[in-house]
Each structure stands twice: as structure tokens, then as C-alpha cells.
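Chemist: Compute the structure for the input listed below.
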Amino acid sequence: MSTTQTKTQASSSTTSVLWPRLVADIGGTNARFALETSPQKIEKVEVLPCNDYDTVVDAIKEYLSRVDNPTIKHAAIAIANPIVGDWVQMTNHHWAFSIETTRQALHLETLLFLNDFTAQALAITKMDSDKLVQIGGSAPIPNAPKAVLGPGTGLGVSGLIPNGNNTYTALAGEGGHVSFAPFDDAEMLIWQYAKKKFGHVSAERFLSGAGLGLIYESLAAREGVKPQKLTPSGISERALSGTSPLCRLTLDIFCAMLGTVSSNLALTLGARGGVYLCGGIIPRFIDYFKNSPFRNRFESKGRFDAYLAAIPVYIVLADYPGISGAAVALENELSAKGIR
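Modeler: Numbers count the residues shown, from 1 in each chain. As a prediction, this is how the structure comes out:
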């Protein structure tokens with residue numbers, strides 16, 4: 001996660017075009033674009049493969065051409081990358097660019113870039129209850145911090161800190177890269193396997209798509225069997241179908257580890273407003289997840305068992321939370337500048 005970076009230029013006229021706004025969520029594989037035509041009204045979503053375009057400007061221009069080239073003056077883009085200044089060099093893709101140069105090339109008054117998981121956290125502040133599935137706990141405490149994390153390609157981590165009046169500030173950090181702490185002997189053996197392979201073992205090493213494969217690989221090594229070449233979805237499918245005890249153990253340990261990391265974040269933030277699980281992995285097996293080791297591990301904190309037992313955990317089912325969160329960030333930015 002990271003800070004946001006905004007480049008804004010005052011309009012030469014007294015009236016600025018406020019709508020529609022361009023909002024986007026760019027990952028290492030796909031770029032998702034949409035138009036926000038009024039507050040949180042997201043339309044004309046398109047998903048473009050990043051590898052099809054030489055630059056981020058090319059991808060944006062292609063999207064705009066597909067939606068009849070509307071006049072856009074304000075845009076916000078969530079991106080899977082830290083934002084620490086004007087220059088952006090994507091970690092998992094070849095795009096590299098200046099935010100200011102990009103703004104000028106697109107003739108925008110405002111161009112806001114923010115980390116994709118900071119955007120996902122902001123999306124929680126506007127999310128309808130029917131997009132959330134509760135896993136244990138009681139009711140959230142009003143105006144309390146919220147923890148937001150999610151395994152996907154990597155492990156995203158953020159949090160929402162209340163400002164009063166039901167508004168929140170989204171934290172920007174790199175919590176997925178904190179050092180992983182084994183909970184029991186089985187996890188210690190898995191950690192040792194990863195330690196020999198990578199040196200530093202972060203939470204993301206296990207709590208990601210690749211992490212599911214790493215857990216499976218380490219368990220196979222412990223059992224002295226040759227692991228099959230399975231994708232993360234292949235591991236999940238075999239676990240849920242009951243055709244592979246090793247895959248089922250892999251998934252159980254994955255969920256238990258997520259419980260530990262989630263409760264650590266909840267304690268750190270005092271997240272009595274709830275813990276929100278985003279990302280593309282958990283929604284694929286919600287029925288299993290409800291009865292997985294996750295919740296038991298989440299509450300297993302000794303003297304703080306009761307504290308954690310009261311905290312609700314939610315699985316986020318929204319289709320494009322990064323886009324929605326980018327829209328929230330842009331609205332906040334424009335409102336702060338008196339642009340309404």
C-alpha cells in the first residue's frame with residue numbers, strides 16, 4: 001500500500017466539467033476502466049489486458065474510444081503498486097510513467113493515483129450490506145476502526161480510521177510484507193521450508209495464490225511425496241472435492257494462517273468496526289470457508305479471545321471494489337479543493 005499522488009491544474013474557465021469522471025483499477029494483468037456518471041454510479045466497465053498496450057496512456061485512450069470519447073476532466077486510478085512520488089514503475093508489469101506527464105497527455109485537470117488496496121478499503125465505506133457475507137462475531141461498533149485485507153495475486157492490507165461523522169481515512173502501507181509468525185509445529189515446518197527457499201518469509205508468501213502452492217509444496221516435501229503441478233484453483237478444487245487429502249490440508253492451513261494474520265491486524269488497529277476480507281480467492285469457496293479453521297484461529301489469542309470473538313469478519317463480494325474506491329478517493333480530493 002502507499003500514499004496517494006495527485007496532480008491538479010486549475011481550469012482556465014470558470015466552469016469545470018465534473019461528470020463523467022474516469023475511474024480505474026489497474027493490476028499486473030488487467031486494467032479495469034469505468035465512467036462514474038454521478039456519485040458512485042459506475043457505468044461502462046471494460047477490462048483490458050495490460051499486455052495489449054505499450055503504455056498506460058494507450059490503454060486509457062483505447063478505453064475512452066470504446067465509450068465514445070466523452071469529455072473527461074477528473075480521473076482517479078487505483079494501481080497495484082506503491083505510489084511514492086511522480087514516477088511510477090509497476091512491480092508486476094512493464095508500464096513506467098510520470099503522473100504529471102500522463103495528466104497532460106490526457107488533458108485532465110485532476111489525475112489521482114492511489115494504491116489499489118487503499119482504494120479497496122475506501123470502497124468499504126460505501127458498500128451495500130448485500131455485498132458482504134459475515135463470518136462470526138457480533139455487530140460492528142460504530143465509529144470504530146476497520147481492518148481490510150485480502151489474499152489474491154499478493155496480500156493487500158489496509159485499514160479505515162474514523163474521522164467522525166461516519167467518514168474514514170484509509171491507511172496506506174505494505175502490511176502484506178510483514179514477517180510471518182508460525183502458530184504451531186506444522187506451520188513451523190512450512191515456515192522453515194519457505195525460509196530455505198526465500199530467506200525472509202512474509203505473510204504474503206503464504207497468503208496469496210502462489211502461497212497456496214507453496215504450502216502444498218512444503219507439505220508434500222514433509223510427507224516425502226512428489227507434488228503434482230497444480231494451479232491454486234486446482235488445489236482448491238481437489239481440496240473441496242475430497243479427492244486429495246493433501247490439498248485439503250493445504251486449504252485448511254491457508255485459512256488458519258489467514259485467521260492469525262487477520263486477528264493480528266484487528267488487534268493492531270483495534271478494529272472493532274469489523275474485519276473485511278477482499279481479494280479473489282476467498283469468494284471461490286465461501287461455504288467451506290464458513291466452517292474452515294479461519295474463525296477458530298482468528299479468536300485464538302489467549303487473554304484476548306473474548307475481544308476477538310466479538311469482532312465480525314466480512315467477505316467482500318463486490319465486483320469492482322477498486323473502481324468504487326477510486327471514485328471515493330476522487331470525490332474526497334475534489335471536495336477538499338472546493339470542486340463540486
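Chemist: All the helices of the stretch 101-250 of the chain, residue numbers only.
Modeler: 116-124, 185-198, 203-206, 209-223, 232-241, 245-269 (DSSP state H, counting those that start in this stretch).
Chemist: mind putting those helices in TSV, mean neighbour count, distance to D25 and mean pLDDT included?
Modeler: C-beta: built from backbone N, CA, C; applies to glycine. Formatted as TSV, these follow (neighbours: other CB atoms under 10 Å; distance: least, CB to CB, whole Å; pLDDT from 0 to 100):
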stretch	mean neighbour count	distance to D25	mean pLDDT
helix 116-124	29	6	95
helix 185-198	15	28	98
helix 203-206	24	19	97
helix 209-223	19	18	96
helix 232-241	18	21	96
helix 245-269	21	22	98
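Chemist: who wins for proximity to I282 among these?
Modeler: Set against I282 and scored by CB to CB, the helices of the stretch 101-250 of the chain come closest in helix 245-269, at 8.0 Å.
Chemist: any idea of the angle the closest one forms with helix 209-223?
Modeler: Interaxial angle, helix 245-269 versus helix 209-223 (axes from the mean of the first three to the mean of the last three CA atoms, to 10 degrees): 130 degrees.
Chemist: Run the angle between helix 245-269 and helix 232-241 for me.
Modeler: Computed by the same axes, to 10 degrees, the angle separating helix 245-269 from helix 232-241 equals 110 degrees.
Chemist: mind checking how far helix 245-269 is from the chain centre?
Modeler: Centre-to-centre, helix 245-269 and its host chain are 17 Å apart (CA atoms, centre = their mean, to the nearest Å).
Chemist: what comes up buried for the helix or strand following that helix?
Modeler: Counting by DSSP states H and E, the next helix or strand C-terminal to helix 245-269 is strand 275-277. Neighbour-count burial for strand 275-277 flags 275-277 (criterion: 16 or more other CB atoms under 10 Å).
Chemist: I79 is nearest to which of the helices of the stretch 101-250 of the chain?
Modeler: helix 116-124 (5.9 Å).
Chemist: Need the contact partners of that closest one.
Modeler: 1-2, 4, 25-27, 78-81, 146, 148, 150, 156-160, 168, 170-172, 276, 278, 316, 318, 321-326, 328-329 (CB atoms under 8 Å, 6 or more residues apart in numbering).
Chemist: Figure out how far that helix is from the centre of its chain.
Modeler: Taking the mean of its C-alpha atoms, helix 116-124 sits 7 Å from the chain's own mean (CA atoms, centre = their mean).
Chemist: For that helix, list the C-alpha coordinates in PDB.
Modeler: This file holds the C-alpha atoms of helix 116-124, laid out as PDB (Å, rounded to 0.1, in the frame of the first residue of the first chain):
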ATOM      1  CA  ASP A 116      -5.200  -0.500  -5.300                       C
ATOM      2  CA  PHE A 117      -5.700  -1.800  -1.800                       C
ATOM      3  CA  THR A 118      -6.100   1.700  -0.300                       C
ATOM      4  CA  ALA A 119      -8.900   2.000  -2.900                       C
ATOM      5  CA  GLN A 120     -10.500  -1.300  -1.800                       C
ATOM      6  CA  ALA A 121     -10.500   0.000   1.800                       C
ATOM      7  CA  LEU A 122     -12.300   3.200   0.700                       C
ATOM      8  CA  ALA A 123     -14.800   1.100  -1.200                       C
ATOM      9  CA  ILE A 124     -15.900  -0.500   2.100                       C
END
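Chemist: Could you export the helices of the stretch 101-250 of the chain as a markdown table, including distance to K61?
Modeler: Converted to a markdown table, those look like this (distance: least, CB to CB, whole Å):
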| stretch | distance to K61 |
| --- | --- |
| helix 116-124 | 21 |
| helix 185-198 | 39 |
| helix 203-206 | 33 |
| helix 209-223 | 31 |
| helix 232-241 | 34 |
| helix 245-269 | 39 |
